[in-house]
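> Quick one, what's the 3D model for this:
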Amino acid sequence: MDLGLRGRVAIVTGSSQGIGKAIALGLSQEGARVSICARNEKQLNETAREIKSATGVQVYAVQADLTNEDDIRRLVAKTSEALGRIDVLINNTGGPPLATFVETTEEQWKKAVNLLLMSVVTTCLEAIPHMKERKWGRIINMTSFAAKQPAERLVLSNALRAGILGLTKTLSNELAEDGILVNAVCPGWTLTKRVEELTNAQAKTTGKTYEEIIKGWENQIPLKRLAQPKEIADLVVFLASERASYITGGVFQVDGGVIKGLF
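Have a look, this model is predicted:
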């Protein structure tokens with residue numbers, strides 16, 4: 001199936017590893033030119049070389065801290081200058097620390113708001129005018145299953161990623177007349193470095209082994225396994241494509257069935 005992404009330009013934030021990297025690779029495999037960003041410049045450049053080598057498509061790397069508004073503005077401006085346009089924006093960020101509400105400091109709340117919520121607000125503010133120029137655009141906000149079904153000891157993610165769903169629905173209504181479609185994707189437990197960190201943190205606080213923690217999560221999932229990043233990326237690439245031309249305001253979980261609610 002031709003997804004109609006050849007020649008499009010996509011920004012994928014938080015894309016040097018994990019789900020973000022898988023999304024950037026998937027878009028590149030469909031012929032889209034991608035702009036990737038991360039804080040770690042060495043790892044970012046390695047990822048750019050890896051994707052370009054695998055697909056032969058242009059990959060543009062910009063070192064950026066998503067908690068820094070100036071970095072985000074520079075990312076969007078440099079992408080537009082280097083690649084000529086911006087058609088797709090994938091908002092993907094790392095996660096906050098594992099903690100209960102009473103264990104979480106006010107400073108941690110502020111940092112999490114900047115990372116999870118304000119980074120999305122700023123990238124959208126900067127990228128949307130480019131999409132409006134062409135009356136075509138796709139924005140996909142990566143959240144978490146915790147936005148729909150709060151997870152234990154993930155209060156920051158539970159609260160703030162749910163806010164992203166509200167923003168997604170609002171933007172989908174406001175931007176539809178401009179041909180800009182806005183959706184959210186809620187990954188479940190996925191085999192990434194982030195999940196490894198959460199697993200190790202939980203092992204320290206519970207006294208369980210790494211393997212026991214992973215097994216416990218697998219037992220909560222009807223498919224009895226964690227996802228691979230590519231399995232999340234495949235849906236995101238579709239939502240970014242011409243084939244998803246009548247899908248906006250949606251919230252899509254890719255979680256192996258872990259969310260138990262109907263909606």
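
> what residue is smack in the middle of this protein?
Centroid check for the chain by C-alpha atoms, centre = their mean gives N92 as the closest residue, at 2.5 Å.

> My guess is it contacts Q17. True?
No: proximity of N92 to Q17 does not meet the contact threshold set by C-beta atoms under 8 Å, at 10.7 Å. Every C-beta, even on glycine, is put in place using the N, C-alpha and C of the backbone.

> follow-up on the earlier one: which residues touch the residue nearest to the centre of the chain?
Shown in contact with N92 (C-beta atoms under 8 Å, 6 or more residues apart in numbering): 12-15, 19-20, 23, 142.

> mind redoing it with 10 Å?
12-15, 18-24, 37, 66, 119-120, 140-143, 185, 187, 232, 236 (C-beta atoms under 10 Å, 6 or more residues apart in numbering).

> mind listing which of those are in helices?
Of the contacts of N92, the ones assigned to helices by DSSP state H are 18-24, 119-120, 232, 236.

> Next, format the residues you listed as a markdown table and append neighbour count and distance to A112.
Formatted as a markdown table, the ones in helices among the contacts of N92 follow (neighbours: other C-beta atoms under 10 Å; distance: C-beta to C-beta, whole Å):
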| residue | neighbour count | distance to A112 |
| --- | --- | --- |
| G18 | 22 | 18 |
| I19 | 27 | 18 |
| G20 | 28 | 18 |
| K21 | 25 | 22 |
| A22 | 24 | 24 |
| I23 | 32 | 22 |
| A24 | 32 | 24 |
| S119 | 24 | 11 |
| V120 | 28 | 12 |
| I232 | 26 | 21 |
| V236 | 28 | 23 |
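
> Distance to T205 and pLDDT added to these, as TSV?
Converted to TSV, the ones in helices among the contacts of N92 look like this (distance: C-beta to C-beta, whole Å; pLDDT from 0 to 100):
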residue	distance to T205	pLDDT
G18	23	95
I19	25	97
G20	27	97
K21	29	97
A22	29	98
I23	31	98
A24	33	98
S119	28	97
V120	29	98
I232	27	98
V236	32	98
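
> Pipe the residues you listed into JSON lines and attach distance to K42 per row.
Formatted as JSON lines, the ones in helices among the contacts of N92 follow (distance: C-beta to C-beta, whole Å):
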{"residue": "G18", "distance to K42": "16"}
{"residue": "I19", "distance to K42": "20"}
{"residue": "G20", "distance to K42": "16"}
{"residue": "K21", "distance to K42": "14"}
{"residue": "A22", "distance to K42": "20"}
{"residue": "I23", "distance to K42": "21"}
{"residue": "A24", "distance to K42": "17"}
{"residue": "S119", "distance to K42": "22"}
{"residue": "V120", "distance to K42": "26"}
{"residue": "I232", "distance to K42": "25"}
{"residue": "V236", "distance to K42": "25"}
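
> quick one: which of those residues is nearest V258?
I232 (13.2 Å; C-beta to C-beta).

> Return the residues in contact with that closest one.
Contacts for I232 (C-beta under 10 Å, 6+ apart) come out as 18-20, 22-23, 26, 92, 142, 185-188, 190, 192, 254-255.

> One more pass at 7 Å, please.
When contacts are counted by C-beta atoms under 7 Å, 6 or more residues apart in numbering, I232 touches 19, 22, 185, 187, 190, 254.

> residues near the third one, how many?
Which is V185. 24 (other C-beta atoms under 10 Å).

> The stretch 51-200 of the chain: helices as residue ranges?
Ranges of helices in the stretch 51-200 of the chain, per DSSP state H, counting those that start in this stretch, are 69-83, 106-112, 119-134, 155-175, 193-206.

> of these, which approaches Q149 most closely?
helix 155-175 (8.9 Å).

> Run through who's touching the closest one.
95-96, 99-101, 104, 108-109, 112-113, 116-117, 120, 124, 128, 139, 141, 143-144, 146-147, 150-151, 182-184, 248-249, 251.
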